[in-house]
Every structure is written in C-alpha cells, then in structure tokens.
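>>> Sequence first, then the predicted structure, then my questions.
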Amino acid sequence: MTVQTYARIAGVLILLSFLAGGFGEAYVPSRLIVSGDATATAENFKALDLLLRMGFAGYLVEAVCDIALTLILYLLLRPVRKDLALLAAFFGLVGTAVFAAAELFYLAPSLILGGAGYLKTFSPDQLNTLALLSLKLFAFGGAMFTVFYGVAWVLRGYLIFRSGYLPRFLGVLMTLAGLAFVARNFLLVLAPAYASGSLLLLMLPGALALAVWLLVRGVDVPKWEAKAATFEATTLK
C-alpha cells in the first residue's frame, strides 16, 4: 500500500477508536452507574444488560483499532527515527494490553449479578456491593496505567513535530495530550485529590485534528519519500 493509504487508514482508525471508546467509557457508564448507590447500579445492570455488553464490545473495537494503529503509526513515523517509533509502538501495545486486563472488571458485574447457583452464599446487598466494587476497580485499574498510553503519544508527537511531512502543530497537540495522560497517572498515585479527569480532555483536539488531517490531507508524500530514502540509505551502511 502507498503511504497515503496508510495515512487514510490511520485517520479512520483514530476516529473509530475515539467513537467506540467514548461509547464504552463515557456514555454506557453514565447510563449504568449511580455513584455511591450499589443497589440502584445493580438494578440498572440487570435492566440494561445488553447496553453493558455493547459497551464492552465498544472496548473491543477500540482495542483492535489501537493495535492496528500502533503498527501503521510506526510505519509512518519510522523514517524520522526508527528507535523512537519502535519505542512508541511498544508503549502503545503495553498500554492497550494493561487496559484490556482492567476491562475484565467492567464485564464482571454481569457474572456477579447473573443469579448463578454458586453465588447464593452472598446476600443480594453483598452482590450489589461486589458489582459496584468491580466497576470501581475497572475505573481505577484503567486509569492507573494510562502512563503507557501517554508516553506513546509523547514520542509520536515528537516524531510528528520533527517529521517535516506532517504539520508541527499536530505534533505539539499530541505531545501535550500525552503529557496530560502521564501527569494524571502520577497524580492518581501521588496526589489523588488533584487527579482531575479533565486533563484527559486535552486528547480531544489533538486526536480529532490528527484524524481529520490524515483523512483529508494525508502526508506530504515527496517529503516522506525523501525521509524514507535517507532512512534506507543509513540502514544499508
């Protein structure tokens, strides 16, 4: 495939990941979770079990897109600096894998509240509490390791800035977004009271701008080819 085809695919994957992740991470929890009320949350889970599973499916779509995007971004940014592009790919894959493990706690309430015989040793209130605890563990586990995701985008932002075949402002936006993820992760560990979720909103302008640019404009092909030729020549020496 041509480099422009890779760029277009990357734009589509960013948008799909954004939409699927927003559905699973924002919309569905807002419909299901009643903060501090385990009983009301459990009732929502029983009544909206299909919505819960659709939210989990959204996470699966997001993860698949992120893994494919990791490869394509590596191919697009490798001519700038192969070592940093590869390091960003490793951080991205680890971030996706860790978040996937946390997502198990997202689906666990459907098992806890499913009425299986082996759960009859727990009272209804205990099961409701366990279901809410599982959701809190999911949210905490997913947030505690966003540092990997953030570092990956800091590196990619730097490579975009240095590339010459993508606008520098995109590199700045994505670097700031990555730093916001890293900062929030450390705040959750060191100063939880200041770990505002609004920090993560810094990803929104950069991700949307990057996706639209890749879909509409793609990369500057002559400059990318010049970088790639230099990279190949250096590799062969």
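That came through, no problem. Numbering: from 1, shown residues only.

>>> wait, Val3 sits on Pro222?
No - applying CB atoms under 8 Å as the test, Val3 and Pro222 come out as separate, 10.6 Å apart. Glycine gets a C-beta too; all of them are placed from N, C-alpha and C.

>>> How about residues contacting the helix or strand harbouring Gly92?
If you go by DSSP states H and E, Gly92 is part of helix 82-102. By CB atoms under 8 Å, 6 or more residues apart in numbering, the residues outside helix 82-102 that reach it are 59, 63, 66-67, 69-71, 73-74, 77-78, 137-138, 141-142, 145-146, 148-149, 151-153, 155-156, 158-159, 231, 235.

>>> Weed out the non-buried ones from the residues you listed.
Listed as buried from these are 59, 63, 66-67, 69-70, 73-74, 77-78, 138, 141-142, 145-146, 148-149, 151-153, 155-156, 158-159; burial here means 16 or more other CB atoms under 10 Å.

>>> from the residues you listed, which ones fall inside helices?
59, 63, 66-67, 69-70, 73-74, 77, 138, 141-142, 146, 148-149, 151-153, 155-156, 158-159 (DSSP state H).

>>> For Ala195, which non-adjacent residue is spatially closest?
Nearest residue to Ala195, sequence neighbours excluded (CB to CB, 6 or more residues apart in numbering): Leu187, at 3.9 Å.

>>> May I have the phi/psi pair for the residue lying closest to Leu130 once chain neighbours are set aside?
Distances taken as CB to CB, 6+ apart place Ile112 nearest to Leu130, at 5.1 Å, with adjacent residues excluded. Main-chain torsions, Ile112, degrees, to the nearest 10: phi -60, psi -40.

>>> For Ile112, which residues are in contact?
Applying CB under 8 Å, 6+ apart, we find Ile112 in contact with 119, 127, 130-131, 134.

>>> where does it land on pLDDT?
Predicted confidence (pLDDT) for Ile112: 85.

>>> Thr175 against Gly157, yeah?
Yes - with contact defined as CB under 8 Å, Thr175 reaches Gly157; the gap is 3.2 Å.

>>> Below-threshold pLDDT in the protein: ranges please.
235-237 (pLDDT under 70).

>>> Can you list the buried residues in the helix holding Gly92?
For helix 82-102, by 16+ other CB under 10 Å, it's 84-85, 88-89, 91-96, 98-100, 102.

>>> can I get the residues you listed in a markdown table with distance to Ile33?
Listed next are those as a markdown table, based on distance: CB to CB, whole Å:
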| residue | distance to Ile33 |
| --- | --- |
| Leu84 | 39 |
| Ala85 | 38 |
| Ala88 | 33 |
| Ala89 | 34 |
| Phe91 | 30 |
| Gly92 | 28 |
| Leu93 | 29 |
| Val94 | 27 |
| Gly95 | 24 |
| Thr96 | 24 |
| Val98 | 22 |
| Phe99 | 18 |
| Ala100 | 20 |
| Ala102 | 15 |
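
>>> How about the helix or strand hosting Gln126, which residues are buried there?
Counting by DSSP H and E, the element that carries Gln126 is helix 124-144. For helix 124-144, the neighbour count (16+ other CB under 10 Å) marks 127-132, 134-135, 138-139, 141-143 as buried.
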